[in-house]
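Undergrad: sequence first, then the predicted structure:
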Amino acid sequence: MSEIEVFVFLLGVIALLVAVGRRIDVPYPIVLVLGGLGIGFVPGLPAPQIDPDVVLFVFLPPLLYFAAFSSSAYELRDNAAPIGLLAIGLVLLTVVAVAAIAHVVVGLDWAPAFVLGAVLGPTDPVSASSIIRRLGAPGRIVTILEGESLVNDGTALTAYTIALGAVGTVGIALGSAVLQFIGVALGGIAVGLAAGWLVGRLRRLADEPSIDVTLSLLTPYAAYVPAERLHVSGVLAAVAAGLWIGHQSLGLSGPESRLRTRTFWEALNFLLNSLLFLLIGLQLTNLVGRIEDAAALSLIGQAVLIAAVVMGVRLVWMFTFPGVVALVAPFRDDFSPQTNPRERLVVGWSSMRGGVSLAAALAIPTMVDSGVRFPQRDLVIFLAYAVVIITLVLPGLTLAPLIERLGLGQGEERRRADAEARARITHAALERLEEIAREDDPDDAVVERLRDRYQARLDRLHGRIEDDHSRGEQLREAARLTEAMLQTERECLQELERDRAYPADLLQNLQREIDLDESRLRARTRD
């Protein structure tokens, strides 16, 4: 089987595993990591040779950029204190703790041990936030977890770069490492902001959805490559560019371009994450076979120990250090011991590692810049993969019951807040319509149609806000009838396509409009 055939096979496996995950209501990273573990033992299935430089270049910049682009700069700023403590303080503590255990117990040299610690430093935002959002837990938890996963990627991978540079040298000088960390980080942020600003200017000039998607895909690489050439953090450059573009997105392109670009990035992010889980699974048997003196029970024991360190350090941190800092810091209300212990437990248990850790593990070079072979590379990759499995599966399958047991599910409150926000926007639009009607004297029939449409939307939203049961029944009935009408529209469109009576591009536009109407209907019924 050629590498292209393996790639096609993996696409089919991804589709199958994700469909199973949706059916059993399990986040897709958990299903994929277990599926990747399974296909690693399929006899006769070749493991494609993966160039570490290709992994580092192809996978990491877009994954980091999308995470940053999807974040809210305002929410990150409002929760900067707890996010900063987790994304910098906790990550560095985790790197040191993992490195110490890997050196003392596993027997890794200090530099590879720190590489392993840096690989396992960043958390995965997908599994935890998907569970928390579905259960309607407080939005602040989601913001903190997603903000942490965004910033800690930069922290951990900057430490990763420094640790890689130390492989084959005499040792790591703490003072110079700290100064190097600061310089590399600040330089990367500066390059990323410059790249984001430049690409943003180009996107304002391009009034075409396809060009907008192309420029958007270019952005993480336009930030990452120059930063790496300047020997600063390409990781933080991609993150900074994503934050800048995300903050400016409404002014960069039109609605059609934004819709298409967002859809593209969601699909690309899903595909890259999924491929990482399966690609490293294919390497598993070869990795274990190349580890010297490998004993299955010993390797599993080492992986379980390191996973326990990763999860234990996080839980201890959540109930100790932030409280101590809060005694003397201005953000006392955020993490003082007397506030939100249940939320701190949920954040502490959300210790999943995922795609970024896998990409960093696969990107460990066989030869480092100092000209020596990376020692015990296969063992480091195996331990990283095993810890990802443990931290994804154990918290991932128990987080939902924990949230429900702690009484943090707020699905109804979240739906009400969503309805209130939509109602405010609709009221503003109606007020503007009335102003135009008074000032410009438009056609009365047009004004009345628009007034009826927006008033009907307000009625639906007020039904959600007031929890009116009878109105809710009417809305469900209306949704059922609308769905039947949309299905009829689609069947009619298919007849038009078969008859070839109208231009294909016209029919494609109609198909898109029907799809948008159906997606809005499903969003309303889901809310």
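TA: Perfect, I can see it now.
Undergrad: state the distance from residue 349 to residue 83.
TA: Residue 349 is 17 Å from residue 83, where distance means CB to CB, to the nearest Å. Every C-beta, even on glycine, is put in place using the N, C-alpha and C of the backbone.
Undergrad: try residue 250
TA: Taking CB to CB as the measure, residue 250 falls 24 Å from residue 83.
Undergrad: where does pLDDT dip in the stretch 151-300 of the chain?
TA: Where the stretch 151-300 of the chain drops to pLDDT under 70, the residues are 168-177, 293-294.
Undergrad: between residue 250 and residue 83, tell me which one has more neighbours.
TA: Set side by side, residue 250 and residue 83 show unequal neighbour counts under other CB atoms under 10 Å, the larger going to residue 83 at 24 against 9.
Undergrad: surely that one meets residue 73?
TA: No - if you go by CB atoms under 8 Å, residue 83 and residue 73 don't touch, sitting 12.0 Å apart.
Undergrad: overlap of the contact sets of the two?
TA: Residues touching both residue 83 and residue 73 (CB atoms under 8 Å, 6 or more residues apart in numbering): none.
Undergrad: and the pLDDT for the closest residue to residue 110 other than its chain neighbours?
TA: Leaving aside its sequence neighbours, residue 110 sits nearest to residue 103 (CB to CB, 6 or more residues apart in numbering; 5.7 Å). Note for residue 103: predicted pLDDT of 93.
Undergrad: what's the answer for residue 455, then?
TA: pLDDT recorded at residue 455 is 80.
Undergrad: hang on, isn't it packed against residue 429?
TA: No - assessed by CB under 8 Å, residue 455 is found out of contact with residue 429, at 10.8 Å.
Undergrad: please, which helix or strand holds residue 402?
TA: Using DSSP states H and E, residue 402 sits within helix 377-406.
Undergrad: which residues in the stretch 151-300 of the chain form helices?
TA: Secondary structure of the stretch 151-300 of the chain by DSSP state H, counting those that start in this stretch: the helices cover 174-205, 209-229, 234-248, 255-282, 284-290, 296-319.
Undergrad: is it possible to get CSV of those helices that adds mean neighbour count and distance to residue 518?
TA: Shown next, in CSV, are these (neighbours: other CB atoms under 10 Å; distance: least, CB to CB, whole Å):
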stretch, mean neighbour count, distance to residue 518
helix 174-205, 17, 29
helix 209-229, 20, 21
helix 234-248, 27, 27
helix 255-282, 19, 15
helix 284-290, 16, 41
helix 296-319, 17, 41
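Undergrad: look up the closest residue to residue 422, ignoring the ones flanking it.
TA: Nearest to residue 422 is residue 461, by CB to CB, 6+ apart, at 5.3 Å.
Undergrad: before we move on, back to that, burial of the residue nearest to residue 110, as a residue count?
TA: With neighbours defined by other CB under 10 Å, the count for residue 103 comes to 18.
Undergrad: again, but for residue 107
TA: Neighbours around residue 107, by other CB under 10 Å: 11.
Undergrad: what's the pLDDT at it?
TA: We have a pLDDT of 88 for residue 107.
Undergrad: how much space between it and residue 298?
TA: According to CB to CB, residue 107 and residue 298 sit 11 Å apart.
Undergrad: show me how the protein divides into domains.
TA: Here the chain is described, according to automatic domain parsing, as comprising the domains 3-409, 411-467, 479-527.
Undergrad: winner for burial among the ones you listed?
TA: Of all the domains of the chain, domain 3-409 carries the top mean neighbour count, a mean of 19, counting by mean count of other CB atoms under 10 Å.
Undergrad: now do that one: distance to the chain's middle.
TA: Centroid displacement of domain 3-409 relative to its chain, using CA atoms, centre = their mean, to the nearest Å, is 9 Å.
Undergrad: switch the helices of the stretch 151-300 of the chain over to CSV; also include distance to residue 31.
TA: CSV is the format used below for these (distance: least, CB to CB, whole Å):
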stretch, distance to residue 31
helix 174-205, 33
helix 209-229, 27
helix 234-248, 27
helix 255-282, 9
helix 284-290, 17
helix 296-319, 19
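Undergrad: residue 61 is nearest to which of these?
TA: With CB to CB as the criterion, residue 61 lies closest to helix 209-229 of these, at 3.7 Å.
Undergrad: who are the packing partners of that closest one?
TA: The helices and strands touching helix 209-229, judged by 3 or more CB pairs under 8 Å, 6 or more residues apart in numbering; DSSP states H and E, are helix 60-69, helix 174-205, helix 234-248, helix 255-282.
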